[in-house]
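Here is my input; please provide its structure:
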Amino acid sequence: MNEQTMSAMTATRQRIRQGQRAWKYIRDANSASVADLAKVAIEDGATSYTYGIMFREWDRYASVFSALGMTGQRQARVGILGSTCAEVIFSFYGLNMVGPTSPSTPSGRRQSPRPAPYAAWSR
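Numbering: from 1, shown residues only. Predicted coordinates for the structure are as follows:
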């Protein structure tokens with residue numbers, strides 16, 4: 001990894017620690033122009049997803065999770081089981097948008113004072 005990439009990763013981690021959601025940072029960084037939205041963000045087997053499509057999928061997944069009550073307001077805790085496929089990535093960032101804690105996010109690593117309901121999803 002080059003120095004510029006390492007520096008960008010460090011800056012991203014700092015923004016997330018300061019409260020900025022990962023999905024917001026990625027969306028802001030990759031939607032400055034129509035050309036940015038047309039770039040390939042994810043390649044999953046034979047299928048490619050542009051940033052524009054990926055962001056729409058995040059919104060779609062977030063609305064489903066919200067409708068199911070899997071939100072930070074309800075103190076939901078969620079675990080995602082699966083490989084690193086597009087749907088798992090969409091799920092992670094969709095959940096990041098609606099706010100439940102996950103073991104892979106900094107707030108999800110803290111011990112909860114009481115057990116909270118959780119849901120698991122696998123492909």
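
For the rest of this, base every contact and every neighbour count on C-alpha atoms.
Noted.

For D36, give me its contacts.
Residues near D36 by CA atoms under 8 Å, 6 or more residues apart in numbering: 30, 51.

Mind doing that once more with 6 Å?
Counting by CA atoms under 6 Å, 6 or more residues apart in numbering, D36 touches N30.

C-terminal to the helix or strand hosting it, which secondary structure element comes first?
Element membership for D36, per DSSP states H and E: helix 34-37. Next helix or strand after helix 34-37 toward the C-terminus (DSSP H and E): strand 40-44.

Who are the packing partners of that following strand?
Helices and strands touching strand 40-44, by 3 or more CA pairs under 6 Å, 6 or more residues apart in numbering; DSSP states H and E, are strand 47-50.

Contacts for the strand it packs on next, please.
38-42.

which of the residues in it are buried?
Neighbour counts over strand 47-50 (16 or more other CA atoms under 10 Å) mark 49-50 as buried.

Around the closest residue to T50 other than its chain neighbours, how many other residues sit close by?
Nearest residue to T50, sequence neighbours excluded (CA to CA, 6 or more residues apart in numbering): V40, at 4.1 Å. By the measure other CA atoms under 10 Å, the count of residues near V40 is 14.

quick one: pLDDT of V40?
Listed pLDDT for V40 reads 94.

State the distance from A76 to E87.
20 Å (CA to CA, to the nearest Å).

returning to that earlier point: just the buried ones among the contacts of strand 47-50, please.
39, 41-42.
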